[in-house]
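Asks: Structure, please.
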Amino acid sequence: MSSSSTEHRSVRIERPAVHVAEIALTGPGHGNAMGPDFWREFPEVVAELQADRSVRCLLLTGDGEHFCYGLDLQGMAAGIGPMLEGGAAGRSAIADQAATMVRGFDALAAGRLPVVAAIDGWCIGAGIELISACDIRLATNDARFALKEVQVGMVADLGGLGRLPFLVGEGWTRELALTGEPIDAGTAREIGLVNHVYGDRDTLRAEALARAERIAANPPLVVAGIRQVLDGRIAGSVRSANREAATLNGMLMQSEDFAEAMKAFMEKRAPEFKGR
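Replies: I've put the predicted structure just below:
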């Protein structure tokens, strides 16, 4: 199948089967980290595919060895930097930025198109928040998952804290969010973060595409209706959690601890937090 004629820097669109469109994360940040290009392009891509009636299911993948390293902190630094010392205006700008960034994830969750995510390698931070907005998550044995925002002085504010309890329960959501520690693919399957685990990347892709094709063969209006009902059960809770997290980040990202987290990240050392 041919790929989309539109060129993007952060994603690639393919048509691997009839009625199936693939969104492949491509970077340009290391490990397909999500930077300014992604946050600009992803909502546009999702809207275009939702409007294309020849598409009935989406496949979400990551190029290279890893699915997604999460937020591209270095790539986002220039845009976020001025907000960190802007007082009340800066806090408001941080919350507005979060609301803009989450648009694509919310559109993915609320739209008519089911999404099958195929995860290989690392899936970190915003990567977990992205797959939480998908319907079916499949992984390889090499997949690893970590909600690392707490370790860089932030509250996850892109839907993860709102959606994860419905997927893995309160206990595992709190463990993932409060520790920032990784889990392997086997644990992810046991807790319900992923549905199935496969031995290698080729098998993962084949199985993910097969599921997407089976979904696409069903009546598209009924499939969209099922998604509408399922998303409607939790949409209000997710919106409320996102607003709360974004408001908190407006304060927390102006803290000394956040500055220390960023400095430690750049210097590749463990941060020393002071609680101020």
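
Asks: need the next SSE after the helix or strand harbouring residue 166, C-terminal direction.
Replies: In this assignment (DSSP states H and E), residue 166 forms part of helix 160-179. Going down the chain from helix 160-179, the next helix or strand is strand 183-184, by DSSP H and E.

Asks: strand partners of that following strand, parallel vs antiparallel please.
Replies: Strand 183-184 sits in its sheet next to strand 144-146 (antiparallel), going by DSSP bridges.

Asks: what mean pLDDT would you report for the partner strand?
Replies: Per-residue pLDDT over strand 144-146 has a mean of 98.

Asks: Please apply the same query to stretch 244-259.
Replies: For stretch 244-259, mean pLDDT is 86.

Asks: Can you give me the end-to-end span of it?
Replies: The first and final residues of stretch 244-259 sit 21 Å from each other (CA to CA, to the nearest Å).

Asks: and that stretch, how far out from the chain's middle?
Replies: Distance of stretch 244-259 from its chain centroid, counting by CA atoms, centre = their mean, to the nearest Å, is 20 Å.

Asks: With stretch 29-42 instead?
Replies: In terms of CA atoms, centre = their mean, the centre of stretch 29-42 is set 11 Å apart from its chain centre.

Asks: ok, and what's touching that stretch?
Replies: 8-11, 25-28, 62-76, 79, 100-101, 104, 121-122, 124, 126-127 (CB atoms under 8 Å, 6 or more residues apart in numbering). In short, each C-beta sits where N, CA and C put it, glycine included.

Asks: ok, and for that stretch, which residues are buried?
Replies: By neighbour count on 16 or more other CB atoms under 10 Å, the buried set for stretch 29-42 is 29, 31-35, 37-39, 41-42.

Asks: Quick check: what element follows the helix of greatest length in the chain along the chain?
Replies: For the chain, the longest helix by residue count, based on DSSP state H, is helix 220-252. Next in sequence after helix 220-252, counting helices and strands by DSSP H and E, comes helix 256-267.

Asks: Right, I'll leave it there.
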